[in-house]
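# Structure of the sequence below:
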Amino acid sequence: MKYYISTAFLETREIIDVAKAADELGYDGVGIPDHVVNLETLQTPYPYTRDGQRRWQPFTDWPDPWVLAGALAQVTERLKFVTTVYIPAMRDPYSAAKSIGTAAHLAAGRVELGVGVGWCEEEFTLMGQRFDRRGRRTDEMLALMRQLWEPGWTEFEGEFYRTPKLEMTPTPPPIPIYVGGLSDIALRRAARNDGWIGDLIKTDRAIEVAGRLRKLRAENDLPVDDFTILTPLTDALAIEDYQRAEAAGITGILTMPWMFYTGPQATLAEKVEGMKRFRADYRLDD
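Presented below is the predicted three-dimensional model:
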């Protein structure tokens, strides 16, 4: 099992110290969420809470994930950086591929692209992108970006994007793509790619999803051994909970260890101490 530190809602400069500590303590990676802006008023309900309200307060930090990953790569040695999650369809594919590829190049292969199709129509509109058919555009963008990250010339003819012969340099190392979402189409999209990345979810539900994903991979004659399933588990409180998740095929956990000991108002020192205690209490070095 791999363990990633979630950096959601942390102050941007604090993330640098948290990442350095995570690298030194032996954690496997950090998760970096994505929003370009936080609009004061939305008609679109937030889909991950019962009342449709957002989980964060106004003026919460949302650093650009690729600027942040490039910076963190310079102060860490082995830590990986995964987006939780990035919304490609809210951008044009060329700018997105350039930013992601540059960060992956600077990180020497330690970037993992977690993607979703997005939920906030107003943010899409502000960014000049259509909200409808965003799933199909996401699929096409991922195919195009994979080609742009290959060495040599690229030409692409799709439903939404038509690319004349061009090249994009620097060429990054391989970038695995993990897809978020719980709908059938989202799980099928994840199964076609390199992994699935979850949002806040209970262990039993995550185990159900893992089984569904493994079945989809098998149906498409795709290997399951190298397929990533990375998620937070909201009710995992004991070593046995993580062992059960791992036995079911969940390969990685996103966590904020200080929440077990100090809570959301933890200072930087308390966050680092929480990461130390979590490793010891859950015997991550065994």
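# Which residue is the nearest non-sequential neighbour of Val82?
Nearest residue to Val82 in three dimensions, chain neighbours excluded: Glu112, at 4.1 Å (C-beta to C-beta, 6 or more residues apart in numbering). Yep, even glycine has a C-beta here, placed from its N, CA and C like the rest.
# Strands of the stretch 101-250 of the chain, residue ranges please.
Assigned by DSSP state E, counting those that start in this stretch, the stretch 101-250 of the chain shows strands spanning 111-115, 154-157, 162-166, 177-179, 195-197, 228-231.
# The residue nearest to Val82 contacts Pro176, correct?
Yes. Taking contacts as C-beta atoms under 8 Å, Glu112 lies within contact range of Pro176: 5.2 Å.
# Spit out the residues that contact these two alike.
The contact sets of Glu112 and Pro176 overlap at Thr228 (C-beta atoms under 8 Å, 6 or more residues apart in numbering).
# So for these two, which sits in the more crowded spot?
Neighbours per residue, other C-beta atoms under 10 Å: of Glu112 and Pro176, the larger number sits with Glu112, 26 against 16.
# one step back: gap between the residue nearest to Val82 and Thr228?
Per C-beta to C-beta, to the nearest Å, Glu112 is found 8 Å from Thr228.
# Phe81: neighbour count?
27.
# Surely it is in contact with Ala107?
Yes. Counting by C-beta under 8 Å, Phe81 touches Ala107, with 6.3 Å between them.
# Overlap of the contact sets of these two?
Joint contacts of Phe81 and Ala107 (C-beta under 8 Å, 6+ apart) are Ala69, Leu72, Ala73.
# Which of those fall in strands?
Using DSSP state E, no member of the shared contacts of Phe81 and Ala107 falls in strands.
# Assumed Val67 was part of a strand.
No. Looking at Val67 with DSSP: H, G, I helix; E, B strand; the rest coil, it is helix, so not inside a strand.
# quick one: contacts for it?
Val67 neighbours (C-beta under 8 Å, 6+ apart): Ala103.
# and if we set it to 10 Å?
Thr12, Ser99, Thr102, Ala103 (C-beta atoms under 10 Å, 6 or more residues apart in numbering).
# Just the buried ones among the residues you listed, please.
Among the contacts of Val67, those buried by neighbour count (16 or more other C-beta atoms under 10 Å) are Ser99, Thr102, Ala103.
# Distance from stretch 96-104 to the middle of the chain?
Offset of stretch 96-104 from its chain centre (C-alpha atoms, centre = their mean, to the nearest Å): 15 Å.
# average model confidence for that stretch?
Taken as a whole, stretch 96-104 has a mean pLDDT of 98.
# And for stretch 112-123?
The model assigns stretch 112-123 a mean pLDDT of 97.
# end-to-end on that stretch?
One end of stretch 112-123 to the other measures 24 Å (C-alpha to C-alpha, to the nearest Å).
# circling back to that earlier point, how about the strands of the stretch 101-250 of the chain, which one is nearest Asp204?
strand 228-231 (12.5 Å; C-beta to C-beta).
# strand partners of that closest one, parallel vs antiparallel please.
Counting by DSSP bridges, the strands paired with strand 228-231 are strand 195-197 (parallel), strand 252-255 (parallel).
# Next secondary structure after the last one?
The helix or strand immediately downstream of strand 252-255 is helix 268-281, counting by DSSP states H and E.
# Show me what that following helix is in contact with.
Residues contacting helix 268-281 (C-beta under 10 Å, 6+ apart): 3, 5, 10-11, 13-14, 17-18, 20-22, 24-27, 238-239, 255-263, 266-267, 284-285.
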